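1. Just a sequence and a predicted model for now, questions to come.
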Amino acid sequence: MEYNYSDLRRKRVVNVMDGRDLGKICDLVINFPSGRVTGIIVPGRKNGFFSSGELIIGVPCIERIGDDAVLVKLGGPPDRLTATDDEEER
């Protein structure tokens, strides 16, 4: 099945391990030169006016793409990749 970015960014991302709503997809990770999508990016938690980074979720962690949501399985640090300076400083 094929999806375009405008359809994906409207879907909520939900972790099936704890039922947490991680937010909506804000970007994609694309491998160059193959052009394959290797992950999705959701915004980090918001603390007031600031966010705590972004969460990059690899394609192997995506369980299902439904009509309303993308279900992912994140069980801990091995499945979680971060891409912001905020979390690298910790």
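-> That came through fine.
2. going forward, measure contacts between C-alpha atoms and count neighbours the same way
-> Noted.
3. any idea which strand is longest in the protein?
-> strand 37-43 (DSSP state E).
4. Give me the buried positions along that strand.
-> 39, 40, 41, 42, 43 (16 or more other C-alpha atoms under 10 Å).
5. who does it touch, helix- and strand-wise?
-> strand 21-24, strand 27-30, strand 54-58 (3 or more C-alpha pairs under 8 Å, 6 or more residues apart in numbering; DSSP states H and E).
6. Let's see that with 6 Å instead.
-> Packing contacts for strand 37-43, counted by 3 or more C-alpha pairs under 6 Å, 6 or more residues apart in numbering; DSSP states H and E, involve strand 27-30, strand 54-58.
7. Run through the bridge partners of residue 70.
-> residue 13, residue 65 (DSSP bridges).
8. What count of nearby residues applies to it?
-> 21 (other C-alpha atoms under 10 Å).
9. I figured it hits residue 13, correct?
-> Yes. Contact status for residue 70 versus residue 13: in contact at 4.7 Å, counting by C-alpha atoms under 6 Å.
10. so where's this protein shaky on pLDDT?
-> Counting by pLDDT under 70, the chain shows low-confidence ranges at 45-52, 76-90.
11. residues near the closest residue to residue 62 other than its chain neighbours, how many?
-> Distances taken as C-alpha to C-alpha, 6 or more residues apart in numbering put residue 72 closest to residue 62, at 4.4 Å, once the chain neighbours are dropped. By the measure other C-alpha under 10 Å, the count of residues near residue 72 is 22.
12. how about residue 72, what does it touch?
-> 15, 61, 62, 63 (C-alpha atoms under 6 Å, 6 or more residues apart in numbering).
13. And those residues, which of them are buried?
-> For the contacts of residue 72, buried by 16+ other C-alpha under 10 Å: 15, 61, 62.
14. Generate JSON lines for those residues, with distance to residue 55 and secondary structure as supplementary columns.
-> As requested, those are exported to JSON lines (distance: C-alpha to C-alpha, whole Å; DSSP: H, G, I helix; E, B strand; the rest coil):
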{"residue": "15", "distance to residue 55": "12", "secondary structure": "strand"}
{"residue": "61", "distance to residue 55": "12", "secondary structure": "helix"}
{"residue": "62", "distance to residue 55": "13", "secondary structure": "strand"}
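15. Perfect, that will be all.
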